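# A structural model of the following input is requested.
(2 chains)
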Amino acid sequence: MQHLNDEELIAHHYHDADASEHLRACADCRAQYDTLRNVLALVDAIPVPDRDPEQVWNRLRWRLERRKKRTWQWIAGGVAAAVAIVVFFAIKPQTGNRQPQIAATNTTAATQQLSNPATQQPNNKVLVYVVTDHLDAAERVLAEVANANPKKGFDAGEQQKRAEELVDANRIYRQAASRRGDARIASLLSDIEPILVELSHSGAKLSPDELTSMQKRIDSKNLLFKMRVMSAQGEDQQQNKNVLASQKLNSL
Amino acid sequence: MEMTDVAAVSRARDGDAEAFRLLVERHSRAIFRVAWRMTGNEHDADDVVQETFLRAYRQIDHFEERANFSTWLHRIAINCSLDLLRSRTRHDKQYGGDIDAVDLSSDAPEPDRMAISAELQQHVAAAMKRLSDNERTAFVLRHFEGMPVEEIGKTLGIQVNATKHTIFRAVRKLRDALEPFVRSSPCNT
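Here you go, the predicted model:
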């Protein structure tokens, strides 16, 4: 009797072929098949870590809200751009003797915007907007460290990689904030930087002591909260910017 | 009465966050399981779960109501896992390169599964680590997800025969590595 080969046994196991008859008659193949089944049962027996669905949702909800806000920002930006194009083409055929007048009007409007304290966009506000994405990314890394269970230590491989990527950007933004005199952003970025540096130089695993120390530093300065506030301000400013752009276009 | 997936999807399409929350809470455990098995890493699996639901949220208008939401979601999760695996270097692709870093020692084993020793878990982890990305993916999809060979082939972008051989190779590697342990294992019953 010709014995079943590995492929036939595996195909039988996954019901891609039927070797039942042969297995009933052949003790050798039955023994081979039993070994295969036991090996696969061993793989099945590995416990899968569990995740609390509520925690999954809490993390996701935050990202969905951010996505929603950004979508509206893009839509607002897109609408403003579309209006600009329409206005441009509507005006273009009549540009002959009106162009200087329009140019003069725009210059006056821009000057008024710049000189009007209510609408002026200081450099530091622009900076807040620019660092928003950076703060989001850094916040995600620090939140994962802050929420880890100190009793178990922490597999920080992924966070270490992300921290490495963020350190340089953090330094550049901090220097820019200092140069522009925005002490609040500079101070927040200064607080974040040593933690990012430490994380980027840490081993793949943080011991319970290392993790607790890092969590205390994050917690003592209330960093996560400050980062969220700063990010929210950045987004609000972008929205205001879009509104301002729309108002400006409407005034044309 | 509990809201069906189809009803929840319909509400989520209309912007009902609570309906989407219901879908997340109902399916996130299963999605995490497949992501963890494909990536072999808890943190990667967490990222895959997040990305899966974000993609599902973005594409929820494309979901056909006659289809099974769980199947659709699993398909997204598999693609997210493959994207993640493909974006890594070979070293990173396979369970982080360090057997100690493999998340196979859970504090909360599923009660319906056989308890196996931590040492044995490490051997299984090592055996899984030796599989290539394609082998591990094909094996997970066939063995745990029960996906037909043809569909696995489409997912991996390879022919049916090549898919079969990939699964065979994966199972053979696992058998060769774990055969010495099955005789002394409680699984050998």
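# ignoring the adjacent residues along the chain, who's closest to whatever residue of the stretch 101-250 of chain A ends up closest to chain B?
Nearest residue of the stretch 101-250 of chain A to chain B, counting by Cβ to the nearest Cβ: A:Glu158, 4.4 Å away. Backbone N, C-alpha and C define where each C-beta goes, glycine included. Excluding the flanking residues, the one nearest A:Glu158 by Cβ to Cβ, 6 or more residues apart in numbering or on different chains is B:His43, at 4.4 Å.
# list the buried residues for the helix or strand hosting that neighbour?
Here B:His43 sits within helix B:42-58, counting by DSSP states H and E. Buried positions in helix B:42-58, judged by neighbour count with 16 or more other Cβ atoms under 10 Å in any protein chain shown: B:42-54, B:56-57.
# helix or strand for A:Asp133, which one?
Per DSSP H and E: helix A:123-146 holds A:Asp133.
# and the average pLDDT for that helix is what?
Helix A:123-146 carries an average pLDDT of 77.
# what's downstream of that helix, the next helix or strand?
Next element after helix A:123-146 (DSSP H and E): strand A:154-155.
# re earlier: what comes into contact with the helix holding B:His43?
A:49, A:51, A:56, A:59-60, A:63-64, A:67, A:144, A:155, A:157-158, B:12, B:20, B:23-24, B:28, B:31-32, B:35-36, B:38-39, B:63, B:72-73, B:76-77, B:80-81, B:84, B:103 (Cβ atoms under 8 Å, 6 or more residues apart in numbering or on different chains).
# can you name the residue of the stretch 1-150 of chain A nearest chain B?
A:Pro47 (3.3 Å).
# can you tell me the SS state at that residue?
With DSSP: H, G, I helix; E, B strand; the rest coil as the basis, A:Pro47 sits in coil.
# how about the backbone phi and psi for it?
phi -70, psi 140 (degrees, to the nearest 10).
# what does the stretch 101-250 of chain A have sitting close to chain B?
A:144, A:155, A:157-158, A:204-205 (Cβ under 8 Å from any Cβ of the partner chain).
# ok, for residue 24, nearest residue in space, not its chain neighbours?
All of this refers to chain A. Per Cβ to Cβ, 6+ apart, closest to A:Arg24 is A:Arg30, 7.9 Å.
# wrong chain, I was asking about chain B
Closest to B:Val24 by Cβ to Cβ, 6+ apart is A:Trp57, at 4.8 Å.
# wait, doesn't that neighbour sit right on B:Glu25?
Yes - using Cβ atoms under 8 Å, A:Trp57 is in contact with B:Glu25, at 5.9 Å.
# all helices of the stretch 1-150 of chain A, in order?
Secondary structure of the stretch 1-150 of chain A by DSSP state H, counting those that start in this stretch: the helices cover A:6-13, A:20-25, A:27-44, A:53-91, A:95-115, A:123-146.
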